[in-house]
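1. One predicted model, sequence on top.
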Amino acid sequence: MLEQNSMKFEIKPNSTYSLASITEKKSEIVSAVITIDTHEERTIADQAVELVYTDALISGDGKHTRAEFINAVNLLGASIDVSIGNSHLSVDLRSTKQNFKKLLKLAETMFLSPTFTKSEIARIKSIVANDLHESKENTAKTSLDTLRNTLYGFNDRKYTYDVDETASVVKTVSAKHLKSFHALVLSQPWTCTIAGEESAIKDFGKFVDTIKKKQSPTNESKSLHQQKPPKSAVILRDVPSRTNIDLSIGAPIPITLHHPDYIPLSFAITVLAKWGGFSGILMSTVRDKEGLTYTIYGRLEGFSGTEQGYWRIFTFFSPDKTVQGITSTFREISKFYKTGINQEQFDKFKTIINTQQALVKDSVTGLMMDLHAYHCHGFTIEEMNAHKNKVNDLTIDEVNNAIKSYLNPKDLTVCGTGPIKTVKKELEKFIKTVQ
């Protein structure tokens with residue numbers, strides 16, 4: 001337990017769930033989130049069911065039709081949002097403290113008696129099919145999916161199956177499939193985090209306990225993780241209707257969040273390509289000095305306490321500037337890999353990172369989501385604070401050693417989606433010259 005600025009931070013583990021809380025006195029709003037890891041083998045059938053399930057869960061229960069359920073939540077001035085990504089199902093609850101108990105009752109019936117009616121399933125599958133069709137034009141997502149599919153095997157949670165194949169399998173999703181997936185949701189360990197007054201936290205704990213008390217702890221995880229070795233390549237998909245070519249450039253990193261190199265490497269990526277703003281090296285050169293793009297950011301992604309992630313640069317170029325843009329991007333990455341960072345950059349970005357951490361503390365919601373992210377990775381309160389405070393103890397040598405260990409441009413895969421026909425040959429020729 002930790003007390004900070006009149007707020008109490010606590011994590012209470014249980015055999016079937018773990019409950020983290022931020023107790024804030026006299027808080028009028030209650031926010032809570034539940035995350036459930038449903039990943040096992042990641043088949044195309046799993047992907048199809050996930051796409052239908054998030055809407056199906058809030059589309060009627062033993063006491064309400066879909067319209068009645070949504071109306072009941074809205075009348076409370078509250079919200080229940082269900083989403084899934086990388087096989088992590090998240091349920092977000094938000095309400096005033098006066099109506100939080102009523103919201104929990106609705107969430108309880110949602111979890112314990114979902115109906116998954118034939119008519120609702122048909123409606124949802126039609127929406128999913130349209131969304132999948134429209135996603136073909138989302139070139140930024142396609143380039144990211146292509147990169148991740150290059151870095152991970154098809155049973156890994158980060159793998160995304162072909163849109164048309166998925167759409168075909170979505171048509172076969174039935175109530176039986178949804179009920180089976182829902183049984184998995186109920187049986188898996190739940191990671192729960194809440195911010196609010198003490199009474200709301202107690203009510204939330206009772207709510208989770210009511211749902212989970214009938215569930216036995218799961219057996220050893222069947223989750224599959226399949227990171228591949230780095231691959232220097234250019235992989236392009238033609239979408240001629242788009243104006244720009246969206247690019248995801250990245251490589252696998254064979255470490256987890258707990259590895260001592262993670263913080264130095266994260267620091268290094270921030271210097272090179274800070275996500276958001278204009279302070280990263282790539283933004284100040286490829287964008288500001290050369291005017292080749294509007295956006296070029298980078299970060300570490302996909303890491304957990306048990307699974308290895310990757311680093312990625314996201315950008316886009318018009319076709320006539322793509323070869324020059326890629327050349328400039330690799331020039332800066334190569335320079336960064338060879339020379340590392342200097343003392344001025346080291347001091348500047350320590351200040352930037354510490355300022356970002358301070359801004360998180362200005363919002364209870366920000367604090368809660370920060371706590372929840374660490375909670376999902378199995379950190380205790382003490383481990384979370386120690387992990388974040390490692391930035392203050394970093395040395396410039398640790399950062400530069402991480403750069404030399406993990407950021408070799410020869411390991412990078414370039415994935416681009418858009419009107420690529422005029423640049424395909426030149427990019428394929430360019431990647432062979434990267435040293």
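-> Noted; the coordinates are in hand. Residues are numbered from 1 along each chain as shown.

2. in this protein, which helix has the most residues?
-> Longest helix of the chain, by residue count under DSSP state H: helix 319-339.

3. Just after that helix, pick out the following helix or strand.
-> Using DSSP states H and E, the helix or strand that follows helix 319-339 towards the C-terminus is helix 343-360.

4. hang on, the earlier thing: contacts for the longest helix of the chain, please.
-> Outside helix 319-339, the residues within contact range by C-beta atoms under 8 Å, 6 or more residues apart in numbering are 244-245, 247, 249, 268, 271-272, 281-282, 285-286, 290, 292-293, 296, 313, 315, 317, 403-404, 407-409, 412, 414, 416, 418-420, 422-423, 426-427, 430, 434-435. Every C-beta, even on glycine, is put in place using the N, C-alpha and C of the backbone.

5. now the helices: where do they sit in the stretch 101-250 of the chain?
-> Ranges of helices in the stretch 101-250 of the chain, per DSSP state H, counting those that start in this stretch, are 118-135, 139-151, 163-170, 175-187, 198-212.

6. Quick one: low-confidence residue ranges for the stretch 201-350 of the chain.
-> 216-222 (pLDDT under 70).

7. Map the structural domains onto the sequence of the chain.
-> 2-213, 233-434 (automatic domain parsing).

8. Ok, which of the ones you listed comes nearest residue 226?
-> domain 2-213 (3.0 Å; C-beta to C-beta).

9. Could you turn the buried ones of the contacts of helix 319-339 into a PyMOL selection?
-> Under the burial definition 16 or more other C-beta atoms under 10 Å, those of the contacts of helix 319-339 that qualify are selected in PyMOL by:
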select buried, resi 244+245+247+249+268+271+272+281+282+285+286+292+293+296+313+315+317+403+407+408+409+412+414+416+418+419+420+423+427+430+434
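
10. taking the contacts of helix 319-339 one by one, which sit in strands?
-> 245, 247, 249, 296, 313, 315, 317, 414, 416, 418 (DSSP state E).

11. Quick check: beta-bridge partners of the nearest residue to the last one once chain neighbours are set aside?
-> When you say that, I think you mean residue 418. Distances taken as C-beta to C-beta, 6 or more residues apart in numbering put residue 245 closest to residue 418, at 3.6 Å, once the chain neighbours are dropped. According to DSSP bridges, the residues that bridge with residue 245 are residue 317.

12. hang on, isn't residue 101 packed against residue 204?
-> No: using C-beta atoms under 8 Å, residue 101 is not in contact with residue 204, being 9.6 Å away.

13. Which one's more surrounded, the two?
-> Comparing residue 101 with residue 204 by other C-beta atoms under 10 Å, the one with more neighbours is residue 204, at 24 against 17.

14. How about the contacts made by the more buried one?
-> Counting by C-beta under 8 Å, 6+ apart, residue 204 makes contact with 19, 21, 30, 32, 100, 104, 192, 194, 196.

15. measure the last one to residue 56 for me?
-> In other words, residue 196. Distance of residue 196 to residue 56, computed by C-beta to C-beta, to the nearest Å: 28 Å.

16. likewise the first one?
-> Residue 19 sits 26 Å away from residue 56, going by C-beta to C-beta.
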